[in-house]
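next come a sequence and a model predicted from it.
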Amino acid sequence: MMKSKPFLVTLLATFFAAACYPVDSEQKAVDARVAEASFLTAETLPEVEVFRSYQQVPALSVAAQQKAMDFIVDGEEDIYVRLQNSAGKTVDSWVADSPDYEIPVLADAFYSRICEQDTLVLVLEKGVSTGVSTGKVYINALFEPASGEWLTTFLGAEVTDRKSGELFVNNQKALLQKLKAGANTNCPELLDPAAMSQALNWLLEEH
């Protein structure tokens, strides 16, 4: 009996290894399907293209179109973002509008925790110049990584008076700090674009 023990142990070890293998393979298959189903995974940053509606027609999903319906100007003022993941899949979203023709540039991109969910934040920057003021306007657009869809936008600015140099608006630095640190105030309304203006105040007032 003692001589047969090593063989029995080996046999049992082989049996359990074989029994566990399909489970491991199945779990790997599930993980692969989850990764494939997610537009962005593991905090990977997408390729970003910013364009205006006078340049090309965005390919909005039905959900994206419905969400932005109350904001779309349906002219040359709308600003869109196209995200492209590593697999080449793209998602178009409306993010803001502006009466001028300048196309914003991507100034920053990062992930944060907003309302207890992972959120991709894109900071778009464009110049502003009038007879009385000059500076920069910032479009801080938030996206859901799993779908690539737009969530909401917070507008920031650094604008000064041309003659006096006095700041008219200077909230972008504080806004960016809040977004990078994460926010969990007045949720879920914070991420509701219908409450965009009020949500900006909530975010800046959060301690």
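Received it, and whenever you're ready, just let me know what you need.

gap between V123 and K136?
The gap separating V123 from K136 is 11 Å, by CB to CB, to the nearest Å. C-beta: built from backbone N, CA, C; applies to glycine.

and these two? Which one has more around it.
V123 (22 against 16; other CB atoms under 10 Å).

so where is this structure shaky, pLDDT-wise?
Across the chain, the ranges flagged by pLDDT under 70 are 1-36, 207.

where exactly do the strands run in it?
Remark: strands assigned in the chain by DSSP state E are 47-52, 78-84, 90-97, 105-114, 117-129, 133-143, 150-161, 167-170.

partner strands of the fifth one, with direction?
Think strand 117-129. strand 105-114 (antiparallel), strand 133-143 (antiparallel) (DSSP bridges).

what residues of stretch 165-173 count as buried?
N171, Q172 (16 or more other CB atoms under 10 Å).

stretch 75-91 too?
For stretch 75-91, burial by neighbour count (16+ other CB under 10 Å) applies to E77, D78, I79, Y80, V81, R82, L83, N85, V91.

ok now do the closest residue to the second one other than its chain neighbours, which residues does it touch?
When you say that, I think you mean D78. Excluding the flanking residues, the one nearest D78 by CB to CB, 6 or more residues apart in numbering is S53, at 4.1 Å. Contacts for S53 (CB atoms under 8 Å, 6 or more residues apart in numbering) come out as V73, D74, G75, E76, E77, D78, I79, Y80.

wait, Q172 sits on G156?
Yes - between Q172 and G156 a contact is recorded at 3.4 Å, counting by CB atoms under 8 Å.

what do these two both touch?
Y138.

format the strands of the chain as JSON lines; extra columns: distance to C187.
Below are these laid out as JSON lines (distance: least, CB to CB, whole Å):
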{"stretch": "strand 47-52", "distance to C187": "26"}
{"stretch": "strand 78-84", "distance to C187": "23"}
{"stretch": "strand 90-97", "distance to C187": "21"}
{"stretch": "strand 105-114", "distance to C187": "8"}
{"stretch": "strand 117-129", "distance to C187": "9"}
{"stretch": "strand 133-143", "distance to C187": "13"}
{"stretch": "strand 150-161", "distance to C187": "12"}
{"stretch": "strand 167-170", "distance to C187": "26"}
